[in-house]
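Engineer: Here is my input, please return the structure:
(one chain, ligands or ions: 1)
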Amino acid sequence: MSASIEITNVTKRYGALTVLDDVSLSIEAGEFVVFLGPSGCGKSTLLRMIAGLEDVTAGTIAVGGERVDTLPPGKRGVAMVFQSYALYPHMTVAQNMSFGLENIGMAKAEIGRRVEQAAATLEIAHLLDRKPAKLSGGQRQRVAIGRAIVKEPKAFLFDEPLSNLDAALRGRTRLELAQLHARLGSTMIFVTHDQVEAMTLADRIVIMHDRKIEQIGTPMEIYQRPASRFVAGFVGSPAMNFVPVKGVNENGGTLRIETCGLGDVAAAIRLPARFSPEGGCLGIRAEDVTVLPAGEAGIPLKADVVERLGDRTLIYGQLADGTKLAAETDGRSEARSGDTLQIALDTSALHLFDAAGIAHHAGGD
Ligand SMILES: Nc1ncnc2c1ncn2[C@@H]1O[C@H](COP(=O)(O)OP(=O)(O)OP(=O)(O)O)[C@@H](O)[C@H]1O
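Structural biologist: Numbers count the residues shown, from 1 in each chain. Purely as a prediction, here's the structure:
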C-alpha cells in the first residue's frame, strides 16, 4: 500500500525563528523523494512534521488524500526510520519489531506473520533472538527498517538512515534500499545531505535552502539544469565553476559573454530580459572543461593542485585574472602543479546566472 503526500503552504516557526516558510510539495504514491540541503535548512523538521513529531505552525499535510497534521503520529499511516535507529536495548530484534504492533492490540498471529516476512525481506531472520548490542551497525539499521516495514505504512520516512554506517556498508545499504523500494512500491521520503545518496536513490530530489524549496526535479534535471546558482554550486563534485561576467551581447541567437578569466565566450543562451552583467556569472562544470593536448592553444589555466583519482584527474587552477577553475581530465594526465595548461570549454554546457542567482542554460531556459 502506498499513498500520495500533499504538503500545502507549510510554515514552521520556533518562537521568532522561521525554519520553513510557506513550503508546498506534492509527492505521488510510490515515489522515492529525497530532501537534500545543507545542515540547518529544515529538511529534518519537514520530515518530522509529516511524521507528527513536530506541529506545523501554518499550512496542512495530507497522506493519501486525508489531512493528517492534526492527527497523532500513530494515526497517520507513516513509519519513520531514524538516523540513530532508536532500538530498545533490552528487547530482542523480534521484540523490537513487534512492539509497536502489540501496542495497537494486533493479534499475535498477524504480528508473527509480519515480523517473519519483514525479517526474510531484510535477511535478518537469523538475528531475531539477538539483542541490539550484539548486532553490527548495518544489522541494527535493518532492524530499524524492519520495524517500519511491519507497520505496513502508506509511506516510509527516513531521516539520514545511512549516516552512521562506514563508506562500504553505506554504498551497499543504499543499493538495498533502492531494491526495497522497487519491491514494496511504497512512497518513501529520505532526508540526507549526501548528494550521492540523493542522486542514486531519488525519483525526484527536493533541494532545500534558506527556509524554502529551491528546486524540485529528477536527479538529472537538478544536475543538468540547476534552477539557481545555489543548486548549481551544491550538487556536483567538484562544485560547478563560477566565472564573473563583465558584459553580454546577443547576436543572431548566440550570446557573447565577456569575462576576464575566460575572455569572450559564445553560447546558445537566450539573453534574459533585463539581464544585468553586474553580479552575474558564468557556470561550467569541471567535466565540461577540456584540457587540450600539449601544443594546442586555448585558454591558459595555471594548475595549483592536481588530484589523481585513478580513473580521472582533477586540476584545480587559476585563470589569467586569478579566477579559480577546476578542470577534469583523464586518469593518465601527466599535469603537475605549477604547469600552465591550455583548456577549452564545452559551450553547450554553459549556464548563466544573474545577480539574484537565477539560472539560464545553454540550449534554452
Ligand atoms: N526544537 C527546536 N527549537 C528551536 N530551533 C530548532 C528546533 N529544532 C530545529 N531547530 C532549528 O531549525 C532549523 C532546521 O533544523 P533541521 O534539523 O530541520 O535542519 P536539517 O536541514 O535537518 O539539518 P541537519 O542536516 O543538520 O540535521 C535549524 O536552524 C535548527 O537549529
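Engineer: alpha carbons only for contacts and neighbour counts from here, please
Structural biologist: Will do.
Engineer: Nearest residue to the residue of the stretch 201-350 of the chain found nearest the ligand in space, please, no chain neighbours.
Structural biologist: Ranking the residues of the stretch 201-350 of the chain by distance to the ligand (CA to the nearest ligand atom) places M208 first, at 7.9 Å. Spatial nearest neighbour of M208, excluding adjacent residues (CA to CA, 6 or more residues apart in numbering): G37 at 4.9 Å.
Engineer: got the contact list for the one you found?
Structural biologist: The contact partners of G37, by CA atoms under 8 Å, 6 or more residues apart in numbering, come to 43, 192-193, 207-209.
Engineer: so where is the protein shaky, pLDDT-wise?
Structural biologist: Residue ranges of the chain with pLDDT under 70: 364-365.
Engineer: which residue lies farthest from the center of it?
Structural biologist: When distances are taken from the C-alpha mean of the chain, G295 lies farthest, 40.9 Å away, according to CA atoms, centre = their mean.
Engineer: name the element that residue belongs to?
Structural biologist: Under DSSP states H and E, no helix or strand contains G295.
Engineer: quick one: A359 is in a helix?
Structural biologist: No: the assignment for A359 by DSSP: H, G, I helix; E, B strand; the rest coil gives strand, which leaves it out of any helix.
Engineer: Now the lengthiest helix in the chain: buried residues?
Structural biologist: In terms of residue count, the longest helix belonging to the chain (DSSP state H) is helix 167-184. Residues of helix 167-184 classed as buried: 170, 173-174, 181 (neighbour count, 16 or more other CA atoms under 10 Å).
Engineer: what's the domain layout of this protein?
Structural biologist: The chain breaks down into these domains under automatic domain parsing: 5-227, 233-361.
Engineer: V265 should be in a strand, yeah?
Structural biologist: Yes: counting by three-state DSSP, V265 is located in a strand.
Engineer: Against S2, how distant is it?
Structural biologist: Here V265 is placed at a distance of 49 Å from S2 (CA to CA, to the nearest Å).
Engineer: cool, T70 as well?
Structural biologist: Using CA to CA, T70 is found at 21 Å from S2.
Engineer: What residues does this structure have near the ligand?
Structural biologist: Within the chain, the residues that sit near the ligand (CA under 6 Å from any ligand atom) are 14, 19, 39-45.
Engineer: Which members of the residues you listed are the farthest-apart pair?
Structural biologist: Greatest spatial distance among these (CA to CA): Y14 and S39, at 16.9 Å.
Engineer: Compare these two and say which is more crowded by neighbours.
Structural biologist: Looking at Y14 and S39 with other CA atoms under 10 Å, you find the greater number of neighbours at S39, namely 12 against 9.
Engineer: Chain neighbours aside, what residue packs nearest to that one?
Structural biologist: Closest residue to S39 apart from its sequence neighbours, by CA to CA, 6+ apart: H193 at 7.1 Å.
Engineer: That neighbour is in contact with G42, isn't it?
Structural biologist: No: taking contact to mean CA atoms under 8 Å, the distance of 11.3 Å between H193 and G42 leaves them out of contact.
Engineer: the more surrounded of these two?
Structural biologist: Ranked by neighbour count (other CA under 10 Å), H193 and G42 place G42 first, with 24 against 19.
Engineer: Apart from its chain neighbours, what residue comes closest to that one?
Structural biologist: V19 (5.9 Å).
Engineer: which parts of the helix or strand that neighbour falls within are buried?
Structural biologist: Taking DSSP H and E as the criterion, V19 maps to strand 17-27. By neighbour count, and taking 16+ other CA under 10 Å as the criterion, the buried residues in strand 17-27 are 19-21, 23-24, 27.
Engineer: residue ranges of the strands in the stretch 201-350 of the chain, please?
Structural biologist: For the stretch 201-350 of the chain, strands defined by DSSP state E, counting those that start in this stretch occupy the ranges 204-209, 212-217, 241-251, 254-259, 264-267, 281-284, 289-291, 299-308, 312-318, 324-330, 340-345.
Engineer: Got phi/psi on S186?
Structural biologist: According to degrees, to the nearest 10, the main-chain angles of S186 amount to phi -80, psi 160.
Engineer: Tell me who's in contact with the residue lying closest to A266 once chain neighbours are set aside.
Structural biologist: Leaving aside its chain neighbours, A266 sits nearest to R256 (4.5 Å; criterion: CA to CA, 6+ apart). Remark: with contacts taken as CA under 8 Å, 6+ apart, R256 is in contact with 248-250, 264-267.
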